[in-house]
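*Asks:* 3D, please:
(one chain, ligands or ions: 1)
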Amino acid sequence: MNSLEGKVSDAFLKEFNLPKEFISHEAIANAYYTYEKCESMAKLIKDRVNFDPKIAIICGSGLGDIGNLVENAVSIPYTEIPEFPRSTVLGHLGNLIFGNLSGLPVVCMQGRFHPFEGYSMSLCTLPIKIFKLLGCKMVILTNAAGGLNRVLNVGDVMLIKDHMSFPLLSLKNPLIGVNDERFGPRFVPINKLYTKSLRELFKVCSHELNIPIHEGVYGTIGGPSYETIADSRFCLTAGMDCVGMSTSHEAIVAAYCGLKVLACSIITDKAPTDYEDEEPDHKEIVKVAAAKAKDIEKLICCFLSKIKEDLSLIE
Ligand SMILES: O=P(O)(O)O[C@H]1O[C@H](CO)[C@@H](O)[C@H]1O
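*Replies:* Just a heads-up that it's a prediction; the model follows:
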């Protein structure tokens, strides 16, 4: 029995009318963080910061410096939030930073949770539900990713227009389990997940700042191993432009909770597609992401200043 199982509420087990051995791990994990528990976590955070963020930003590997741009910042280490997961991956500091960015109230997550760390999908996406309860209207998701499409070079920014996720396609979905309609509906359409109008606005920023960007499909693999050559070739043929181990499930929970989503990748390496290609290395990935973070930071700041001019874009 894992530690979460012991805490599953009787009401949940009764609803299924089955012994808990018949319930999937995802459903059990999901049931643990009830709406009420998320509400009390959000309240605890709110009492501490006394701040109402409108936009949440999740920083990918090596991209935590975005949080350092936040003005009048109040920071809460994850370790000081009871029952909040901990960051275990290099390049993910583990702080929530509240303050203003480009004149808008934001919460910035310096460090995300990945399924390969051993966290359930619902735990990886718990922060999104808390952001919703804190009053956020949209999330900006960032990540480090390996380029598959050969038009993508190391250091490029790719705006995500769609995703394909092996975990999600194979019933590893954060929404599995008893649904609480207060968060969102049972069935969630995701064919318009990465809001087009917001992507267009991001492209305007790209032009204004003269920072060229690509637009493409992000692929999620489970990790923590990288891809074989055969995996990469398959992913490319399937339509993925780049590949990483995060983001897609966060985007789905955001859509489920009624939050708008904008997501972008920094291409930190070329996913190997030939037997002679170099091996990806996480330390190097973090280094490249940090070195190229300025472009994403400028784009996000410009994007936020445009949202500020027309808040109806995220209503
Ligand atoms: O997606 P982020 O958090 O940027 O991290 C990416 O970098 C790590 C691999 O080097 C994986 O965790 C992958 O998902």
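*Asks:* give the contact list for Leu126.
*Replies:* For Leu126, the contact set (C-beta atoms under 8 Å, 6 or more residues apart in numbering) comprises Tyr33, Cys38, Phe84, Pro85, Phe113. (Each C-beta comes from the backbone N, C-alpha and C, glycine too.)
*Asks:* one more pass at 10 Å, please.
*Replies:* Leu126 makes contacts with 29-30, 32-33, 37-38, 41, 83-85, 113, 119-120, 174, 253, as judged by C-beta atoms under 10 Å, 6 or more residues apart in numbering.
*Asks:* please spell out the PyMOL selection for the buried subset of those.
*Replies:* What follows is the PyMOL syntax selecting those of the contacts of Leu126 that are buried according to 16 or more other C-beta atoms under 10 Å:
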select buried, resi 29+30+32+33+38+41+84+85+113+119+120+174+253
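*Asks:* okay, and which of the contacts of Leu126 map to helices?
*Replies:* Cross-referencing the contacts of Leu126 with the helices (criterion: DSSP state H) gives Ala29, Asn30, Tyr32, Lys37, Cys38, Met41, Val253 as the overlap.
*Asks:* of the contacts of Leu126, closest to Lys196?
*Replies:* Sorting the contacts of Leu126 by distance to Lys196 puts Val253 at the head of the list, at 20.1 Å, by C-beta to C-beta.
*Asks:* if I look at the nearest residue to Phe166 once chain neighbours are set aside, how far off is Asn50?
*Replies:* With C-beta to C-beta, 6 or more residues apart in numbering as the measure, Ile221 is the residue that lies nearest to Phe166, at 5.5 Å, once sequence neighbours are left out. Per C-beta to C-beta, to the nearest Å, Ile221 is found 40 Å from Asn50.
*Asks:* equivalent analysis for Tyr33, please.
*Replies:* Counting by C-beta to C-beta, the gap from Tyr33 to Asn50 is 24 Å.
*Asks:* now do the strands in the stretch 151-300 of the chain.
*Replies:* Assigned by DSSP state E, counting those that start in this stretch, the stretch 151-300 of the chain shows strands spanning 157-165, 213-220, 242-244, 260-270.
*Asks:* what about Asp274, how many neighbours?
*Replies:* Neighbourhood size, Asp274 [other C-beta atoms under 10 Å]: 9.
*Asks:* just to check, it is in contact with Ser232?
*Replies:* Yes: because the distance of 9.0 Å satisfies C-beta atoms under 10 Å, Asp274 is recorded as touching Ser232.
*Asks:* the residue nearest to Ser265 when sequence neighbours are not counted pairs with what?
*Replies:* Nearest-residue entry for Ser265: Ala145, 4.0 Å, with adjacent residues in sequence omitted and distances by C-beta to C-beta, 6+ apart. For Ala145, the beta-bridge partners are Ile267 (DSSP bridges).
*Asks:* list the contacts of Ala145.
*Replies:* With contacts defined as C-beta under 10 Å, 6+ apart, Ala145 is in contact with 60-61, 152, 158, 160, 216, 218-220, 240-247, 264-269, 271, 285, 289.
*Asks:* so which of the strands of the stretch 151-300 of the chain is nearest Gly99?
*Replies:* The closest of these to Gly99 is strand 260-270. By C-beta to C-beta, the value is 19.4 Å.
*Asks:* circling back: let me know the pLDDT of the residue nearest to Phe166.
*Replies:* On the pLDDT scale, Ile221 is placed at 98.
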